[in-house]
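K.L.:
take this sequence and fold it.
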Amino acid sequence: MILSINPQNPQKRLISQVVDCLKQGGVIAYPTDTTYGFGCDIFNKKGVKKIYQIKQRDPRKPFSFICADLSDVSNYAQVSNFAFRTMKRHLPGPYTFVLEATRVVPDVLTTKQKTVGIRIPENEIALEIVRQLGHPLVTTSANLSGDEPAHDPVVIYENLSKSLDIVIDGGISLGDPSTVISLVDDKIEVLRQGSGDTSWIHHL
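P.N.:
Predicted coordinates:
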């Protein structure tokens, strides 16, 4: 199914339809402020397993997830004062920040080092889904492992409609994948350069 949702003012009833799907273990494709992503409920094992299968991804490579706002992040990650200030300055935005995970996060979503990647994208559709769901949404670029990230929901639907429960059409996305930055132990390390500018790191 493909659902057209208004990117500036997402229709609540359509978001509710998406959330119901996620709660039942569904997997969706949805827009972010960078590329389109695949998503599921982080606490639904059926959905998480399905995303790994769709992506054809090594299960030892965990996914990041989307929080609704910074106040939510501390439930799932150890947030020092330094990390909080850094994230507050740059979120919502095209960054994934890597932090130490709390025990709340399912093991399948953490690395061996027990770290997690957290996003708060500047995209109302993604954020409204998380708000209504009540906890984070798994996020990974909408492509098979090794392929280019997808920007057009119609193309995603044509290629993967049999694997996905819902493809949200929120318009064409234009960004590169997010910039991934580790803040573990209050040390800044750029793990992947993407859409988010990193020149500010040199001025800290």
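K.L.:
spatially nearest residue to the most centrally placed residue in the chain, not counting backbone neighbours?
P.N.:
Among the residues of the chain, the one closest to the centroid is residue 139, at 2.9 Å (C-alpha atoms, centre = their mean). Setting aside the residues directly before and after it, residue 139 is nearest to residue 37 in space (C-beta to C-beta, 6 or more residues apart in numbering), at 4.6 Å. Heads up, the C-betas are built off the backbone N, CA and C, glycines and all.
K.L.:
try residue 188
P.N.:
Residue 188 sits nearest to residue 201 (C-beta to C-beta, 6+ apart), 5.5 Å away.
K.L.:
and the one you found, its phi and psi?
P.N.:
phi -60, psi -40 (degrees, to the nearest 10).
K.L.:
and for it, the neighbour number?
P.N.:
Number of residues near residue 201 (other C-beta atoms under 10 Å) recorded here: 12.
K.L.:
quick one on the thing from earlier: pretty sure the residue nearest to the centre of the chain sits against residue 41.
P.N.:
No. In this structure residue 139 lies outside contact range of residue 41 using C-beta atoms under 8 Å: 11.9 Å.
K.L.:
so the residue nearest to residue 188 makes contact with residue 190?
P.N.:
Yes. Counting by C-beta under 8 Å, residue 190 is a contact partner of residue 201 at 7.0 Å.
K.L.:
elements contacting the helix or strand hosting residue 51?
P.N.:
Assigned by DSSP states H and E, residue 51 belongs to helix 45-55. Counting contacts by 3 or more C-beta pairs under 8 Å, 6 or more residues apart in numbering; DSSP states H and E, helix 45-55 packs against strand 36-39, strand 137-141.
K.L.:
one more time with 10 Å, if that's ok
P.N.:
In this structure, helix 45-55 packs against helix 12-23, strand 28-31, strand 36-39, strand 137-141, with contacts taken as 3 or more C-beta pairs under 10 Å, 6 or more residues apart in numbering; DSSP states H and E.
K.L.:
among these, which is the most enclosed?
P.N.:
Mean neighbour count (mean count of other C-beta atoms under 10 Å) peaks for strand 36-39 among the helices and strands packed on helix 45-55, with a mean of 28.
K.L.:
just the CA trace of it, in CSV.
P.N.:
What follows is strand 36-39, C-alpha atoms only, in CSV (Å, rounded to 0.1, in the frame of the first residue of the first chain):
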residue,chain,number,x,y,z
TYR,A,36,13.8,7.6,2.7
GLY,A,37,14.1,5.0,5.4
PHE,A,38,12.7,1.6,6.3
GLY,A,39,11.2,1.5,9.8
